[in-house]
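Enquirer: One predicted model, sequence on top.
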Amino acid sequence: MAGISRPRGTEDLLPEPLARLKRVLAAGLQVAAAHGYRQIETPIFESTDLFVRGVGEATDVVTREMYTFPDRGGRSLTLRPEGTAPVVRAFWESPLRQEPLPVRVSYAGPMFRYDRPGKGRYRQFHQFGVEVLGESEPEVDAEVIGLAWRWLERLGISGTSLQLNSLGDRECRPTYRAALLEFFEPQMAALPELDRERLRRNPLRVLDSKELADDGLLDRAPRTIDYLCSECRAAFDRVQEALSALGIPFAVNHRLVRGLDYYARTAFEVWHQELAGAQNALFGGGRYDGLSELLGYPPLPGVGFAAGLERVAMISAPAPEPGRPEVAVLSAPPADSKAAVALADRLRRAGLSVLLDAGARGLRGKLSFAERSGVRLALILGESELRARTVTIRRMAGRTQESLPLEGVEGRIRELLSSAELAEEGAS
RNA sequence: GUGGCUAUAGCUCAGUUGGUUAGAGUGCCAGGUUGUGGCCCUGGAGGUCGAGGGUUCAAGUCCCUCUAGCCACCCCA
(Lines give C-alpha, C1' and ligand atoms only; values in the text may rest on other atoms or scores of the structure.)
Protein backbone atom coordinates (compact mmCIF):
# COMPACT_ATOMS: atom_id res chain seq x y z
CA MET A 1 0.00 0.00 0.00
CA ALA A 2 1.09 3.47 -0.75
CA GLY A 3 1.24 5.88 2.13
CA ILE A 4 3.53 6.50 5.03
CA SER A 5 4.31 3.56 7.24
CA ARG A 6 5.35 3.73 10.86
CA PRO A 7 9.04 4.08 11.69
CA ARG A 8 11.06 0.93 12.08
CA GLY A 9 10.85 -0.70 15.49
CA THR A 10 7.71 1.14 16.56
CA GLU A 11 4.26 -0.32 16.98
CA ASP A 12 0.68 0.82 17.06
CA LEU A 13 -0.93 -0.33 20.27
CA LEU A 14 -4.39 -1.52 19.30
CA PRO A 15 -7.22 -1.98 21.81
CA GLU A 16 -6.48 -5.53 22.96
CA PRO A 17 -2.68 -5.27 23.31
CA LEU A 18 -3.07 -1.83 24.85
CA ALA A 19 -5.50 -3.18 27.44
CA ARG A 20 -3.00 -5.87 28.30
CA LEU A 21 -0.16 -3.40 28.66
CA LYS A 22 -2.27 -1.16 30.85
CA ARG A 23 -3.32 -4.00 33.08
CA VAL A 24 0.28 -5.13 33.49
CA LEU A 25 1.27 -1.59 34.42
CA ALA A 26 -1.68 -1.11 36.77
CA ALA A 27 -0.70 -4.25 38.66
CA GLY A 28 2.86 -2.96 38.97
CA LEU A 29 1.75 0.40 40.26
CA GLN A 30 -0.49 -1.28 42.81
CA VAL A 31 2.25 -3.53 44.11
CA ALA A 32 4.64 -0.58 44.21
CA ALA A 33 2.10 1.49 46.13
CA ALA A 34 1.68 -1.38 48.58
CA HIS A 35 5.42 -1.11 49.24
CA GLY A 36 5.21 2.63 49.77
CA TYR A 37 6.43 3.78 46.36
CA ARG A 38 4.96 6.96 44.89
CA GLN A 39 4.69 7.42 41.14
CA ILE A 40 6.54 10.21 39.35
CA GLU A 41 7.12 11.07 35.72
CA THR A 42 10.15 12.66 34.14
CA PRO A 43 10.45 14.21 30.66
CA ILE A 44 10.68 11.95 27.65
CA PHE A 45 13.75 13.86 26.46
CA GLU A 46 16.68 15.04 28.52
CA SER A 47 20.05 16.68 28.04
CA THR A 48 22.25 14.25 26.16
CA ASP A 49 24.88 14.67 28.85
CA LEU A 50 22.66 13.10 31.47
CA PHE A 51 22.92 9.74 29.74
CA VAL A 52 26.49 10.07 28.51
CA ARG A 53 27.68 10.68 32.05
CA GLY A 54 25.14 8.51 33.82
CA VAL A 55 24.94 5.44 31.63
CA GLY A 56 28.57 5.55 30.56
CA GLU A 57 30.42 6.72 27.50
CA ALA A 58 31.60 3.29 26.44
CA THR A 59 28.26 1.51 26.73
CA ASP A 60 26.28 0.28 23.74
CA VAL A 61 23.37 2.43 24.79
CA VAL A 62 25.40 5.61 24.51
CA THR A 63 27.66 4.75 21.61
CA ARG A 64 25.06 3.59 19.15
CA GLU A 65 21.54 3.40 20.54
CA MET A 66 20.54 6.94 21.44
CA TYR A 67 18.09 9.14 19.59
CA THR A 68 20.03 12.37 19.90
CA PHE A 69 19.10 15.63 18.20
CA PRO A 70 19.80 19.34 18.49
CA ASP A 71 16.82 21.51 19.36
CA ARG A 72 16.26 24.95 17.85
CA GLY A 73 18.31 26.52 20.59
CA GLY A 74 21.32 24.40 19.76
CA ARG A 75 21.05 22.17 22.84
CA SER A 76 21.79 18.49 22.43
CA LEU A 77 18.80 16.49 23.59
CA THR A 78 18.19 12.74 23.72
CA LEU A 79 15.02 10.66 23.84
CA ARG A 80 15.49 8.81 27.11
CA PRO A 81 16.92 5.31 26.72
CA GLU A 82 16.40 4.46 30.40
CA GLY A 83 14.79 5.87 33.50
CA THR A 84 17.22 5.75 36.39
CA ALA A 85 19.49 8.69 35.57
CA PRO A 86 16.44 10.96 35.00
CA VAL A 87 14.95 9.92 38.35
CA VAL A 88 18.18 10.73 40.18
CA ARG A 89 18.34 14.07 38.35
CA ALA A 90 14.71 14.80 39.25
CA PHE A 91 15.36 14.00 42.89
CA TRP A 92 18.06 16.64 43.17
CA GLU A 93 16.09 19.23 41.23
CA SER A 94 12.92 18.91 43.25
CA PRO A 95 11.53 19.13 46.76
CA LEU A 96 11.97 15.36 46.97
CA ARG A 97 15.51 16.10 48.15
CA GLN A 98 14.09 17.53 51.36
CA GLU A 99 12.11 14.46 52.22
CA PRO A 100 13.27 11.92 54.76
CA LEU A 101 15.48 9.27 53.20
CA PRO A 102 15.06 6.85 51.66
CA VAL A 103 12.75 8.20 48.99
CA ARG A 104 10.85 5.50 47.14
CA VAL A 105 9.44 6.25 43.69
CA SER A 106 8.00 4.37 40.73
CA TYR A 107 7.82 5.53 37.14
CA ALA A 108 6.50 4.33 33.80
CA GLY A 109 6.63 5.48 30.23
CA PRO A 110 8.17 5.08 26.79
CA MET A 111 11.90 4.58 26.34
CA PHE A 112 13.86 4.82 23.10
CA ARG A 113 16.83 2.85 21.84
CA TYR A 114 18.09 2.79 18.28
CA ASP A 115 18.58 -0.96 18.33
CA ARG A 116 17.90 -3.50 15.66
CA PRO A 117 14.26 -4.49 16.19
CA GLY A 118 13.07 -8.02 16.74
CA LYS A 119 10.35 -9.88 18.56
CA GLY A 120 10.08 -8.34 22.02
CA ARG A 121 12.55 -5.62 21.11
CA TYR A 122 11.44 -2.23 19.93
CA ARG A 123 12.97 1.16 19.32
CA GLN A 124 10.16 2.68 21.31
CA PHE A 125 9.17 0.45 24.21
CA HIS A 126 7.67 0.93 27.64
CA GLN A 127 9.20 0.46 31.00
CA PHE A 128 7.90 0.33 34.51
CA GLY A 129 10.47 0.76 37.23
CA VAL A 130 11.08 1.67 40.83
CA GLU A 131 13.98 3.39 42.59
CA VAL A 132 14.96 3.68 46.24
CA LEU A 133 17.17 6.70 46.80
CA GLY A 134 19.29 7.40 49.86
CA GLU A 135 19.51 3.95 51.40
CA SER A 136 22.52 1.66 51.25
CA GLU A 137 21.31 -1.13 53.52
CA PRO A 138 21.16 -4.30 51.40
CA GLU A 139 17.72 -5.19 52.67
CA VAL A 140 16.23 -2.63 50.29
CA ASP A 141 17.93 -4.44 47.41
CA ALA A 142 15.86 -7.43 48.37
CA GLU A 143 12.79 -5.24 48.83
CA VAL A 144 13.06 -4.02 45.24
CA ILE A 145 13.55 -7.52 43.93
CA GLY A 146 10.69 -8.76 46.07
CA LEU A 147 8.41 -6.05 44.75
CA ALA A 148 9.17 -7.14 41.19
CA TRP A 149 8.57 -10.75 42.11
CA ARG A 150 5.22 -10.09 43.75
CA TRP A 151 4.19 -8.15 40.69
CA LEU A 152 4.79 -11.16 38.45
CA GLU A 153 2.92 -13.34 40.91
CA ARG A 154 -0.06 -11.02 40.84
CA LEU A 155 -0.10 -11.27 37.06
CA GLY A 156 -0.07 -15.04 37.30
CA ILE A 157 3.22 -15.33 35.43
CA SER A 158 5.35 -18.39 36.02
CA GLY A 159 8.39 -19.85 34.35
CA THR A 160 10.62 -17.04 35.50
CA SER A 161 14.00 -17.23 37.16
CA LEU A 162 15.84 -14.63 39.19
CA GLN A 163 19.51 -14.21 38.33
CA LEU A 164 21.62 -12.56 40.99
CA ASN A 165 25.20 -11.35 41.18
CA SER A 166 27.38 -8.81 42.95
CA LEU A 167 29.64 -6.61 40.88
CA GLY A 168 31.64 -5.17 43.76
CA ASP A 169 32.16 -1.51 44.41
CA ARG A 170 34.76 1.14 43.73
CA GLU A 171 37.10 -0.52 46.18
CA CYS A 172 37.07 -4.10 45.02
CA ARG A 173 35.98 -3.91 41.40
CA PRO A 174 39.37 -2.63 40.15
CA THR A 175 41.04 -5.59 41.81
CA TYR A 176 38.68 -7.98 40.10
CA ARG A 177 39.08 -6.23 36.79
CA ALA A 178 42.84 -6.59 37.05
CA ALA A 179 42.53 -10.28 37.90
CA LEU A 180 40.28 -10.79 34.90
CA LEU A 181 42.68 -9.07 32.57
CA GLU A 182 45.59 -11.02 33.99
CA PHE A 183 43.72 -14.26 33.38
CA PHE A 184 43.05 -13.49 29.73
CA GLU A 185 46.35 -11.78 28.98
CA PRO A 186 48.30 -14.92 27.98
CA GLN A 187 45.67 -15.98 25.44
CA MET A 188 44.81 -12.55 24.13
CA ALA A 189 46.03 -13.35 20.64
CA ALA A 190 43.89 -16.44 20.40
CA LEU A 191 40.67 -14.71 21.44
CA PRO A 192 37.94 -13.74 18.98
CA GLU A 193 38.09 -10.12 17.85
CA LEU A 194 34.86 -9.31 19.68
CA ASP A 195 36.20 -10.51 23.01
CA ARG A 196 39.50 -8.65 22.65
CA GLU A 197 37.46 -5.55 21.99
CA ARG A 198 35.42 -6.17 25.13
CA LEU A 199 38.51 -6.70 27.26
CA ARG A 200 39.92 -3.45 25.99
CA ARG A 201 36.83 -1.31 26.53
CA ASN A 202 34.82 -2.91 29.31
CA PRO A 203 36.50 -6.04 30.64
CA LEU A 204 33.56 -7.34 32.65
CA ARG A 205 31.63 -7.74 29.42
CA VAL A 206 33.68 -10.77 28.39
CA LEU A 207 31.62 -12.66 30.92
CA ASP A 208 28.76 -12.34 28.43
CA SER A 209 30.77 -14.00 25.69
CA LYS A 210 29.11 -17.01 24.09
CA GLU A 211 32.25 -18.43 22.48
CA LEU A 212 34.30 -18.23 25.62
CA ALA A 213 31.52 -19.89 27.59
CA ASP A 214 31.45 -22.71 25.06
CA ASP A 215 35.22 -23.12 25.38
CA GLY A 216 34.83 -23.56 29.12
CA LEU A 217 37.24 -20.67 29.53
CA LEU A 218 34.76 -18.66 31.56
CA ASP A 219 34.36 -21.50 34.04
CA ARG A 220 38.00 -21.10 34.98
CA ALA A 221 37.99 -17.32 34.86
CA PRO A 222 38.01 -15.35 38.12
CA ARG A 223 34.58 -14.77 39.63
CA THR A 224 33.42 -11.45 41.00
CA ILE A 225 32.30 -12.84 44.34
CA ASP A 226 35.78 -14.19 45.06
CA TYR A 227 37.16 -10.66 44.88
CA LEU A 228 34.53 -8.80 46.85
CA CYS A 229 35.75 -6.61 49.68
CA SER A 230 34.41 -7.52 53.11
CA GLU A 231 31.67 -4.88 52.98
CA CYS A 232 30.45 -6.03 49.56
CA ARG A 233 30.69 -9.63 50.64
CA ALA A 234 28.59 -8.96 53.73
CA ALA A 235 26.06 -6.96 51.74
CA PHE A 236 25.69 -9.71 49.16
CA ASP A 237 25.08 -12.23 51.93
CA ARG A 238 22.43 -10.03 53.49
CA VAL A 239 20.64 -9.60 50.15
CA GLN A 240 20.47 -13.35 49.82
CA GLU A 241 19.28 -13.81 53.38
CA ALA A 242 16.54 -11.23 52.88
CA LEU A 243 15.43 -12.94 49.66
CA SER A 244 15.24 -16.22 51.51
CA ALA A 245 13.15 -14.56 54.18
CA LEU A 246 10.80 -13.42 51.41
CA GLY A 247 10.69 -16.96 50.09
CA ILE A 248 11.97 -15.88 46.68
CA PRO A 249 14.13 -18.40 44.82
CA PHE A 250 17.22 -17.11 43.04
CA ALA A 251 20.27 -18.35 41.21
CA VAL A 252 23.65 -16.74 41.73
CA ASN A 253 24.94 -16.09 38.23
CA HIS A 254 28.61 -15.23 38.10
CA ARG A 255 28.37 -14.08 34.51
CA LEU A 256 25.64 -11.52 35.03
CA VAL A 257 27.21 -8.11 34.47
CA ARG A 258 24.67 -5.70 32.99
CA GLY A 259 25.32 -3.13 30.34
CA LEU A 260 25.16 0.19 32.07
CA ASP A 261 28.22 1.53 33.85
CA TYR A 262 26.52 2.78 36.97
CA TYR A 263 25.78 -0.55 38.58
CA ALA A 264 27.67 -1.57 41.72
CA ARG A 265 27.22 -4.45 44.10
CA THR A 266 23.83 -6.07 43.56
CA ALA A 267 22.87 -6.77 39.96
CA PHE A 268 19.93 -8.87 38.91
CA GLU A 269 17.76 -9.86 36.01
CA VAL A 270 14.56 -11.85 35.75
CA TRP A 271 14.42 -14.20 32.81
CA HIS A 272 11.52 -16.01 31.27
CA GLN A 273 11.94 -19.40 29.67
CA GLU A 274 9.39 -18.95 26.91
CA LEU A 275 10.72 -15.73 25.45
CA ALA A 276 13.19 -15.87 22.59
CA GLY A 277 16.65 -16.67 23.87
CA ALA A 278 18.09 -13.27 23.17
CA GLN A 279 15.14 -11.31 24.50
CA ASN A 280 14.41 -13.32 27.60
CA ALA A 281 15.08 -10.56 30.12
CA LEU A 282 11.81 -9.40 31.59
CA PHE A 283 13.54 -6.88 33.74
CA GLY A 284 16.85 -5.96 35.21
CA GLY A 285 18.23 -3.75 37.85
CA GLY A 286 20.64 -3.34 40.67
CA ARG A 287 22.42 -0.94 42.94
CA TYR A 288 23.96 2.26 41.60
CA ASP A 289 25.65 3.95 44.53
CA GLY A 290 28.05 5.99 42.37
CA LEU A 291 25.53 7.32 39.86
CA SER A 292 24.63 10.52 41.66
CA GLU A 293 28.26 11.64 41.71
CA LEU A 294 28.72 10.75 38.04
CA LEU A 295 25.95 13.22 37.33
CA GLY A 296 27.65 15.92 39.36
CA TYR A 297 25.50 15.68 42.47
CA PRO A 298 26.39 14.77 46.05
CA PRO A 299 26.75 11.08 46.86
CA LEU A 300 23.43 9.27 47.05
CA PRO A 301 23.10 5.50 47.15
CA GLY A 302 20.29 3.94 45.17
CA VAL A 303 18.81 0.69 43.97
CA GLY A 304 16.04 -0.11 41.52
CA PHE A 305 14.82 -2.08 38.57
CA ALA A 306 13.20 -1.47 35.21
CA ALA A 307 10.86 -3.87 33.46
CA GLY A 308 9.89 -4.08 29.80
CA LEU A 309 6.12 -3.87 29.72
CA GLU A 310 5.85 -5.34 26.23
CA ARG A 311 7.79 -8.40 27.30
CA VAL A 312 5.78 -8.89 30.47
CA ALA A 313 2.55 -8.35 28.54
CA MET A 314 3.66 -10.88 25.94
CA ILE A 315 3.60 -13.70 28.46
CA SER A 316 0.57 -12.53 30.43
CA ALA A 317 -3.02 -13.50 29.80
CA PRO A 318 -5.22 -11.48 27.42
CA ALA A 319 -7.07 -8.66 29.13
CA PRO A 320 -10.66 -7.57 28.56
CA GLU A 321 -10.92 -4.21 26.89
CA PRO A 322 -12.18 -1.66 29.34
CA GLY A 323 -14.99 0.72 28.42
CA ARG A 324 -16.83 -1.42 25.95
CA PRO A 325 -20.34 -0.03 25.53
CA GLU A 326 -23.14 -2.03 27.10
CA VAL A 327 -26.07 -0.35 25.42
CA ALA A 328 -26.79 0.56 21.79
CA VAL A 329 -29.37 3.10 20.72
CA LEU A 330 -30.74 2.35 17.27
CA SER A 331 -32.95 4.48 15.12
CA ALA A 332 -35.16 2.55 12.74
CA PRO A 333 -35.35 4.27 9.36
CA PRO A 334 -37.29 5.94 7.97
CA ALA A 335 -38.06 7.39 11.40
CA ASP A 336 -36.33 10.64 12.28
CA SER A 337 -33.10 9.92 14.13
CA LYS A 338 -33.08 13.04 16.30
CA ALA A 339 -34.84 11.26 19.14
CA ALA A 340 -32.18 8.52 19.10
CA VAL A 341 -29.39 11.11 19.22
CA ALA A 342 -31.07 12.78 22.18
CA LEU A 343 -31.71 9.51 24.02
CA ALA A 344 -28.10 8.36 23.63
CA ASP A 345 -26.88 11.68 25.00
CA ARG A 346 -29.27 11.48 27.93
CA LEU A 347 -28.11 7.98 28.86
CA ARG A 348 -24.46 8.92 28.58
CA ARG A 349 -24.96 11.84 30.91
CA ALA A 350 -26.63 9.40 33.26
CA GLY A 351 -23.36 7.47 33.33
CA LEU A 352 -23.95 4.66 30.83
CA SER A 353 -21.60 3.70 28.00
CA VAL A 354 -23.74 4.04 24.91
CA LEU A 355 -23.15 3.20 21.25
CA LEU A 356 -25.32 5.23 18.87
CA ASP A 357 -26.30 3.95 15.44
CA ALA A 358 -28.53 6.61 13.89
CA GLY A 359 -27.50 6.16 10.27
CA ALA A 360 -29.49 5.32 7.21
CA ARG A 361 -29.00 1.57 7.14
CA GLY A 362 -31.83 -0.68 8.13
CA LEU A 363 -32.64 -2.11 11.52
CA ARG A 364 -31.35 -5.49 10.47
CA GLY A 365 -27.88 -4.12 9.83
CA LYS A 366 -27.96 -2.08 13.00
CA LEU A 367 -28.88 -5.04 15.17
CA SER A 368 -26.16 -7.05 13.50
CA PHE A 369 -23.67 -4.31 14.32
CA ALA A 370 -24.96 -4.09 17.89
CA GLU A 371 -24.59 -7.83 18.25
CA ARG A 372 -21.00 -7.82 17.09
CA SER A 373 -20.18 -4.83 19.22
CA GLY A 374 -20.97 -6.88 22.27
CA VAL A 375 -23.68 -4.68 23.77
CA ARG A 376 -26.20 -6.40 25.96
CA LEU A 377 -29.17 -4.13 25.33
CA ALA A 378 -30.44 -2.50 22.15
CA LEU A 379 -32.82 0.46 22.45
CA ILE A 380 -34.90 0.81 19.31
CA LEU A 381 -36.51 4.08 18.30
CA GLY A 382 -38.69 3.81 15.20
CA GLU A 383 -41.86 5.41 13.97
CA SER A 384 -44.23 3.50 16.22
CA GLU A 385 -42.11 4.30 19.29
CA LEU A 386 -41.97 7.97 18.37
CA ARG A 387 -45.74 8.09 17.98
CA ALA A 388 -46.31 6.43 21.33
CA ARG A 389 -43.41 8.20 23.07
CA THR A 390 -41.93 4.83 23.99
CA VAL A 391 -38.72 2.94 23.40
CA THR A 392 -38.25 -0.76 22.66
CA ILE A 393 -35.63 -2.42 24.84
CA ARG A 394 -34.24 -5.60 23.38
CA ARG A 395 -32.15 -8.01 25.42
CA MET A 396 -29.59 -9.29 22.95
CA ALA A 397 -28.86 -12.52 24.78
CA GLY A 398 -32.45 -13.66 25.18
CA ARG A 399 -33.86 -12.06 22.02
CA THR A 400 -36.70 -10.78 24.12
CA GLN A 401 -37.93 -7.22 24.16
CA GLU A 402 -40.30 -4.91 25.94
CA SER A 403 -41.81 -1.51 25.30
CA LEU A 404 -41.44 1.27 27.85
CA PRO A 405 -42.28 4.97 28.10
CA LEU A 406 -39.34 7.04 26.89
CA GLU A 407 -39.24 9.07 30.07
CA GLY A 408 -37.45 7.48 32.98
CA VAL A 409 -36.15 4.54 31.00
CA GLU A 410 -32.72 4.77 32.69
CA GLY A 411 -33.89 2.90 35.77
CA ARG A 412 -35.11 -0.08 33.79
CA ILE A 413 -31.88 -0.17 31.77
CA ARG A 414 -29.77 -0.31 34.92
CA GLU A 415 -32.01 -3.00 36.30
CA LEU A 416 -31.63 -5.12 33.17
CA LEU A 417 -27.88 -4.62 33.03
CA SER A 418 -27.36 -5.74 36.60
CA SER A 419 -29.72 -8.69 36.33
CA ALA A 420 -28.00 -9.74 33.14
CA GLU A 421 -24.77 -9.76 35.08
CA LEU A 422 -26.29 -12.00 37.69
CA ALA A 423 -27.55 -14.32 35.01
CA GLU A 424 -24.09 -14.55 33.45
CA GLU A 425 -22.45 -15.29 36.76
CA GLY A 426 -25.03 -17.93 37.51
CA ALA A 427 -24.51 -19.59 34.19
CA SER A 428 -20.74 -19.80 34.38
C1' G B 1 26.12 -2.58 13.54
C1' U B 2 27.04 -8.17 11.17
C1' G B 3 24.96 -12.69 8.86
C1' G B 4 20.59 -15.57 7.29
C1' C B 5 15.22 -16.28 6.04
C1' U B 6 10.84 -13.87 4.43
C1' A B 7 7.34 -10.05 1.90
C1' U B 8 0.71 -11.76 -2.95
C1' A B 9 -6.66 -8.51 -0.64
C1' G B 10 -7.94 -5.78 6.22
C1' C B 11 -6.19 -11.06 8.16
C1' U B 12 -4.25 -16.31 7.04
C1' C B 13 -2.33 -18.15 2.64
C1' A B 14 -2.42 -20.71 -2.74
C1' G B 15 -0.22 -19.27 -7.41
C1' U B 16 3.06 -25.40 -11.67
C1' U B 17 9.56 -25.46 -15.66
C1' G B 18 8.59 -17.42 -16.43
C1' G B 19 3.01 -17.62 -20.51
C1' U B 20 -3.49 -14.26 -21.45
C1' U B 21 -8.07 -10.30 -17.51
C1' A B 22 -3.68 -12.87 -9.99
C1' G B 23 -7.10 -16.83 -6.75
C1' A B 24 -9.20 -19.24 -2.03
C1' G B 25 -10.78 -18.98 2.99
C1' U B 26 -11.98 -15.39 6.45
C1' G B 27 -13.31 -10.38 7.34
C1' C B 28 -15.98 -6.00 5.26
C1' C B 29 -20.51 -3.85 2.49
C1' A B 30 -25.32 -4.84 0.39
C1' G B 31 -29.55 -7.83 -0.82
C1' G B 32 -32.71 -12.19 0.24
C1' U B 33 -36.19 -10.15 5.24
C1' U B 34 -38.81 -1.89 2.73
C1' G B 35 -38.88 -2.75 11.74
C1' U B 36 -35.48 -7.29 14.27
C1' G B 37 -29.00 -9.74 15.23
C1' G B 38 -25.50 -15.20 15.68
C1' C B 39 -27.02 -19.83 10.75
C1' C B 40 -27.88 -20.10 5.44
C1' C B 41 -28.07 -18.24 0.20
C1' U B 42 -26.75 -14.42 -3.55
C1' G B 43 -24.04 -10.32 -5.13
C1' G B 44 -20.32 -6.40 -4.47
C1' A B 45 -16.12 -3.60 -3.04
C1' G B 46 -11.16 -4.33 -1.90
C1' G B 47 -4.34 -5.89 -5.04
C1' U B 48 0.27 -0.32 -8.45
C1' C B 49 1.86 -9.02 -6.09
C1' G B 50 6.61 -4.33 -0.11
C1' A B 51 9.38 -0.11 -3.29
C1' G B 52 12.71 0.91 -7.35
C1' G B 53 15.70 -0.86 -11.26
C1' G B 54 17.34 -4.94 -14.59
C1' U B 55 17.05 -9.63 -17.81
C1' U B 56 13.21 -11.38 -21.36
C1' C B 57 8.79 -11.44 -26.91
C1' A B 58 6.62 -12.08 -21.88
C1' A B 59 8.15 -11.38 -14.59
C1' G B 60 3.89 -12.47 -8.73
C1' U B 61 7.77 -16.16 -10.54
C1' C B 62 14.77 -14.92 -12.43
C1' C B 63 18.85 -11.00 -10.96
C1' C B 64 20.38 -6.33 -8.24
C1' U B 65 19.40 -2.31 -4.76
C1' C B 66 16.37 -0.32 -0.99
C1' U B 67 12.55 -0.79 2.84
C1' A B 68 10.17 -3.70 6.55
C1' G B 69 9.37 -8.17 9.63
C1' C B 70 11.43 -12.54 11.77
C1' C B 71 15.83 -15.66 13.39
C1' A B 72 20.95 -15.90 15.03
C1' C B 73 24.94 -12.56 16.75
C1' C B 74 25.64 -7.92 19.69
C1' C B 75 23.09 -6.10 23.65
C1' C B 76 19.38 -5.26 26.65
C1' A B 77 13.58 -4.10 28.58
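Expert: It's in. Numbers count the residues shown, from 1 in each chain, chains lettered A, B, ... in the order given.
Enquirer: Stretch A:197-204 near RNA strand B anywhere?
Expert: Yes. Using Cβ under 7 Å from any atom of the strand, stretch A:197-204 reaches RNA strand B at residue A:198. For glycine as for every other residue, the C-beta is placed from the backbone atoms N, C-alpha and C.
Enquirer: mind checking how far that stretch is from the chain centre?
Expert: Per Cα atoms, centre = their mean, to the nearest Å, the displacement of stretch A:197-204 from the mean C-alpha position of its chain is 31 Å.
Enquirer: count of neighbours near whatever residue of chain A ends up closest to RNA strand B?
Expert: Among residues of chain A, the one nearest RNA strand B by Cβ to the nearest atom of the strand turns out to be residue A:259. It sits 0.9 Å away. Residue neighbour count, defined by other Cβ atoms under 10 Å, stands at 17 for residue A:259.
Enquirer: Residue A:191 too?
Expert: Residues within reach of residue A:191, counting by other Cβ under 10 Å, total 19.
Enquirer: now residue A:151
Expert: Taking other Cβ under 10 Å as the neighbour definition, residue A:151 ends up with a count of 25.
Enquirer: which one is it nearest to, not counting chain neighbours?
Expert: Excluding its sequence neighbours, the residue lying closest to residue A:151 (Cβ to Cβ, 6 or more residues apart in numbering) is residue A:31, at 4.6 Å.
Enquirer: pLDDT score for the one you found?
Expert: Confidence per residue is given as pLDDT, and for residue A:31 that number is 98.
Enquirer: in chain A, which ranges drop under the pLDDT threshold?
Expert: Low-confidence segments of chain A (pLDDT under 70): A:1-2, A:276-279, A:420-428.
Enquirer: Residue ranges of each domain in it, please.
Expert: A:15-172+A:228-315, A:327-427 (automatic domain parsing).
Enquirer: Helix, strand or coil: sort out the nearest residue to residue A:263 once chain neighbours are set aside for me.
Expert: With Cβ to Cβ, 6+ apart as the criterion, residue A:263 has its nearest non-adjacent residue at 4.5 Å, and that residue is residue A:286. Under the three-state scheme (DSSP: H, G, I helix; E, B strand; the rest coil), residue A:286 adopts strand.
Enquirer: what's the neighbour count on residue A:286?
Expert: 27.
Enquirer: what residues are up against it?
Expert: When the contact criterion is Cβ atoms under 8 Å, 6 or more residues apart in numbering, the partners of residue A:286 are A:141, A:167, A:258, A:263-268, A:303, A:305.
Enquirer: quick one on the thing from earlier: deepest-packed of the domains of chain A, please.
Expert: Highest mean neighbour count among these (mean count of other Cβ atoms under 10 Å): domain A:15-172+A:228-315, with a mean of 19.
Enquirer: What distance do you get for the residue nearest to residue A:263 to residue A:267?
Expert: Shown here: residue A:286 relative to residue A:267, a distance of 4 Å by Cβ to Cβ, to the nearest Å.
Enquirer: Which residues are in contact with each of the two?
Expert: A:167, A:258.
Enquirer: what are the ranges of the strands in the stretch 101-250 of chain A?
Expert: In the stretch 101-250 of chain A, the strands defined using DSSP state E, counting those that start in this stretch lie at A:103-112, A:124-133, A:160-166.
Enquirer: among these, which is nearest residue A:195?
Expert: Across the strands of the stretch 101-250 of chain A, the minimum distance to residue A:195, taken as Cβ to Cβ, is reached by strand A:160-166, at 19.5 Å.
Enquirer: tell me what that closest one is packed against?
Expert: If you count contacts as 3 or more Cβ pairs under 8 Å, 6 or more residues apart in numbering; DSSP states H and E, strand A:160-166 packs onto helix A:139-154, helix A:230-246, strand A:251-252, strand A:264-272.
Enquirer: Format the ones you listed as JSON lines; extra columns: distance to RNA strand B.
Expert: What follows is the helices and strands packed on strand A:160-166, written out as JSON lines (distance: least, Cβ to the nearest atom of the strand, whole Å):
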{"stretch": "helix A:139-154", "distance to RNA strand B": "10"}
{"stretch": "helix A:230-246", "distance to RNA strand B": "18"}
{"stretch": "strand A:251-252", "distance to RNA strand B": "15"}
{"stretch": "strand A:264-272", "distance to RNA strand B": "7"}
